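Participant: here's a sequence, model it:
(one chain, ligands or ions: 1)
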Amino acid sequence: MANATVIEIEDMITVGTLAEKLMLPVTRIIGELMKNGVMATVNERIDFDTAQIIVGELGLDVELARKPEAAPAISTRVKRPDNNKGVTRPPVVAVMGHVDHGKTSLLDAIRSAQVARGEAGGITQHISAYQITHNYNGVGRAITFLDTPGHEAFAAIREHGALLTDIVIIVVAADDGVKPQTIEAIRFARKAGVRIIVAMNKMDKEGANPDRVKQQLSEQDLLVEEWGGDIVVVEVSAKTGKGVPELLDMLLLVADVEDLKAEVDLPGTGLIIEAHVEQGRGPVAHALVESGTVNRGDFIVAGGSYAKIRNLESTDGKSLEKATPSTPVVITGFKTLPEFGDEFTVVANEKLARIQVAAVATDKKSGGRTEVNSNELIRMINRNNKIEEFNIIIKADVQGSLTSVIDSLKALDTDEVAVRVVGSGIGTITENDAHLAHTTNAVIYGFNVSLPANIRQHASRDKVSVRMYKIIYELIDDVKVELTERLAPEIHETDLGRLIVRGIFNTTKNEVICGGEVTKGKLTFPALARVMRGDEKIADVEITGLKRGPAETKEVFEGEMCGMSFHSTSRVDLVEGDRIELFTRESIKRSL
Ligand code: GDP
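Facilitator: Model (predicted):
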């Protein structure tokens, strides 16, 4: 492959990113992985070798190369695109470092200084995140701290696409210096592309040796400002509180340089950072709002769970009406416990929340993962147009056939009827597909895949229609029939004849008996009629009987006199001279 395109990737890459780099649909990669016995979802990470095998199997003219480790300079920070829009938001700060260097003490010191300044009361419990207000240049400014219990949690946050942490404080004990976990923390922060500030802790201790620490930091390519670099080092003592205000000043200075922003006029999104069950309160989730606004009473979906937010609180227990970006909040009202690392989104209503939860369940558990098209879902829920939609879930054996089935079905759409693919994927039909179909009132189509007996039972219990095909045209024909049935029939009206009213014999609210002369055409029965007075239509009625003299009849001709009875849905106050125009109405089935 002399002319192959070379694409650089890191040691580990998510399936989604690999698809992006290869400019292929993510389902194609997932399908290829599956063929190789690897069940992976879009956010799962695969290693370089696996990626290379997949690229080989796909027969692409592409060569993968290992990306060299990120350059050490802090200026390599990746700017988050979303940070540029909206209003200024508080920085989100994580504290990392070697064990016993004072991470917990520092977080407590920052928080207790706040509590002491605010209302009375000490620190009682360990919390996942908190926000303080720090007076900076005469203005009270908020800073959010994540109390991540270790690198693992931080890594999970880092995995989150939007990357919630803006600044990492690396805590180094001045008497102990840079240690293995310090180096690891530096590596994490760099990989995540976040700004680093060093808190040189335990400055109150006898053995504190800041210069030695700075020397060690420079060996890790963290060159401090006073030595010509751009790393801010603040000397602190979590024990005495000395240096803590300066550290907070520095955080806000860095935040201002970064110009951190987020949109507020959108439905809130963010990350679940902790979740547990509390007696009397049920599932309680701690979450960090990333963008938009979360309001009390909103419907919120997080992973496989949803809530109508019952209580929205700050992490120190104050009740909130709403929360904006970078705010850590406590949310109650979840039906089940969400998981750490779940992304959350505010949705318009409970129905949408349920559908999304069903979609996540499908996503997580199905062997052949079903990709749920959330745009279609949202359109489906919020639709206000007159298009009749046929919701389907499609499972196919391979990506190629899935794509061609979907493309062929899309081509059937008209202005009046449309196919909505609410879910699609490769592999066997699963219980979750049945569940999603039930919730979205969809029909499941299987193309060259199997339907396990238990799923068949599950589907039939839920009255979910599952249709299996091996020939693509037959599948498409079936969908065509469904769409045709949804087409509004063509209405055809045939004028019969006209009666001029000469006498009214009996009138109740819904029944009228009258007599008159047929002035045009032929009156037959049964028929429908318009009651006209001059140019104005005063009622639509249904003819219930015709009489020629005393005898019932089926038809009366032009020039004849007759009696007539009709039924109407509301009272018709007929007067002499009104015209009754009879017609028949036929509805004719249309085809696509
Ligand atoms: P972590 O493992 O990084 O969270 O460290 P901790 O916050 O638990 O602190 C470890 C130990 O160092 C505890 O005994 C703290 O009391 C002590 N410590 C933390 N910060 C300071 C400080 O600034 N000065 C002194 N003298 N001791 C500290």
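Participant: what strands line up against the longest strand along the chain, and which way round?
Facilitator: Counting residues, the longest strand found in the chain (DSSP state E) is strand 490-507. Strand 490-507 pairs in its sheet with strand 511-524 (antiparallel), strand 579-588 (antiparallel), by DSSP bridges.
Participant: for that strand, buried residues please.
Facilitator: For strand 490-507, the neighbour count (16 or more other Cβ atoms under 10 Å) marks Leu496, Gly497, Arg498, Leu499, Val501, Ile504 as buried. Heads up, the C-betas are built off the backbone N, CA and C, glycines and all.
Participant: could I get those residues as a markdown table with pLDDT?
Facilitator: Listed next are the buried residues of strand 490-507 as a markdown table, based on pLDDT from 0 to 100:
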| residue | pLDDT |
| --- | --- |
| Leu496 | 94 |
| Gly497 | 94 |
| Arg498 | 95 |
| Leu499 | 96 |
| Val501 | 95 |
| Ile504 | 92 |
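Participant: quick one: which of those is nearest the ligand?
Facilitator: Leu496 (91.6 Å; Cβ to the nearest ligand atom).
Participant: checking the nearest residue to Leu248 once chain neighbours are set aside next. Helix, strand or coil?
Facilitator: Among residues not flanking Leu248 along the chain, His134 sits closest, at 4.3 Å (Cβ to Cβ, 6 or more residues apart in numbering). Three-state call for His134 (DSSP: H, G, I helix; E, B strand; the rest coil): strand.
Participant: per-residue pLDDT of His134, please?
Facilitator: The score at His134 is 93. That number is its pLDDT.
Participant: how far does the one helix or strand Ala529 maps to sit from the chain's center?
Facilitator: Using DSSP states H and E, Ala529 sits in strand 527-533. From the chain centre to the centre of strand 527-533 is a distance of 52 Å (Cα atoms, centre = their mean, to the nearest Å).
Participant: repeat that for stretch 490-498.
Facilitator: Offset of stretch 490-498 from its chain centre (Cα atoms, centre = their mean): 50 Å.
Participant: what lies in contact with it?
Facilitator: When contacts are defined by Cβ atoms under 8 Å, 6 or more residues apart in numbering, stretch 490-498 is touched by residues 518-524, 527, 556, 558, 579-590.
Participant: what's the nearest residue to Arg530 if we skip its chain neighbours?
Facilitator: Per Cβ to Cβ, 6+ apart, closest to Arg530 is Glu581, 4.8 Å.
Participant: who's in contact with that neighbour?
Facilitator: Asp495, Gly497, Arg498, Ala529, Arg530, Met532.
Participant: with Ile7 instead?
Facilitator: Lys21, Leu22, Val62, Glu63, Leu64, Ala65 are the contacts of Ile7 under Cβ under 8 Å, 6+ apart.
Participant: can you give me the strands for the stretch 201-350 of the chain?
Facilitator: Counting by DSSP state E, counting those that start in this stretch, the stretch 201-350 of the chain has strands at residues 232-235, 261-262, 269-278, 282-291, 294-295, 299-302, 305-314, 322-323, 328-334, 343-347.
Participant: would JSON lines of those with distance to Asp540 and mean pLDDT be doable?
Facilitator: What follows is those, written out as JSON lines (distance: least, Cβ to Cβ, whole Å; pLDDT from 0 to 100):
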{"stretch": "strand 232-235", "distance to Asp540": "81", "mean pLDDT": "95"}
{"stretch": "strand 261-262", "distance to Asp540": "57", "mean pLDDT": "90"}
{"stretch": "strand 269-278", "distance to Asp540": "52", "mean pLDDT": "83"}
{"stretch": "strand 282-291", "distance to Asp540": "54", "mean pLDDT": "90"}
{"stretch": "strand 294-295", "distance to Asp540": "48", "mean pLDDT": "96"}
{"stretch": "strand 299-302", "distance to Asp540": "43", "mean pLDDT": "92"}
{"stretch": "strand 305-314", "distance to Asp540": "45", "mean pLDDT": "93"}
{"stretch": "strand 322-323", "distance to Asp540": "52", "mean pLDDT": "96"}
{"stretch": "strand 328-334", "distance to Asp540": "50", "mean pLDDT": "94"}
{"stretch": "strand 343-347", "distance to Asp540": "43", "mean pLDDT": "89"}
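Participant: tell me the secondary structure at Thr182.
Facilitator: Assignment for Thr182 (three-state DSSP): helix.
Participant: how many residues are close by it?
Facilitator: For Thr182, the count of nearby residues is 25 (other Cβ atoms under 10 Å).
Participant: per-residue pLDDT, the residue nearest to it when sequence neighbours are not counted?
Facilitator: Using Cβ to Cβ, 6+ apart and skipping the chain neighbours, the partner closest in space to Thr182 is His98 (4.8 Å). You'll see His98 listed with a pLDDT of 85.
Participant: residue contacts, His98?
Facilitator: The contact partners of His98, taken as Cβ under 8 Å, 6+ apart, are Val171, Val172, Ala173, Asp176, Val178, Lys179, Pro180, Gln181, Thr182, Ala185.
Participant: next, find the distance separating the third one from Leu222.
Facilitator: The reference is to Ala173. Ala173 sits 16 Å away from Leu222, going by Cβ to Cβ, to the nearest Å.
Participant: since we're on Gln48, how many residues are nearby?
Facilitator: No Gln there; residue 48 is Phe. Phe48 has 16 nearby residues by other Cβ under 10 Å.
Participant: once you drop chain neighbours, what's closest to it?
Facilitator: Asp11 (5.5 Å).
Participant: ok, Asp204 next?
Facilitator: Closest to Asp204 by Cβ to Cβ, 6+ apart is Ser237, at 4.1 Å.
Participant: sec struct for the residue in the stretch 401-550 of the chain that the ligand sits nearest to, please.
Facilitator: Residue of the stretch 401-550 of the chain nearest the ligand, by Cβ to the nearest ligand atom: Asn432 (41.4 Å). Under three-state DSSP, the three-state class of Asn432 is helix.
Participant: ok, Leu33 next?
Facilitator: helix.
Participant: distance check, it against Ser460.
Facilitator: 32 Å.
Participant: of these two, which one has the most company?
Facilitator: Leu33 (22 against 12).
Participant: before we move on, back to that, including distance to Ile455 and mean pLDDT, could the strands paired with strand 490-507 go into CSV?
Facilitator: Output for the strands paired with strand 490-507, formatted as CSV (distance: least, Cβ to Cβ, whole Å; pLDDT from 0 to 100):
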stretch, distance to Ile455, mean pLDDT
strand 511-524, 55, 94
strand 579-588, 38, 91
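Participant: tell me which of these lies nearest to Phe299.
Facilitator: strand 579-588 (40.3 Å; Cβ to Cβ).
Participant: orientation of the closest one relative to strand 527-533 in degrees?
Facilitator: 140 degrees (axes from the mean of the first three to the mean of the last three Cα atoms, to 10 degrees).
Participant: show me what counts as buried in strand 579-588.
Facilitator: Arg579, Ile580, Glu581, Leu582.
Participant: how many residues are close by the closest residue in space to Glu8 that isn't next to it in sequence?
Facilitator: Using Cβ to Cβ, 6+ apart and skipping residues adjacent in sequence, the residue nearest Glu8 is Lys67, 4.2 Å away. For Lys67, the neighbour count with other Cβ under 10 Å is 13.
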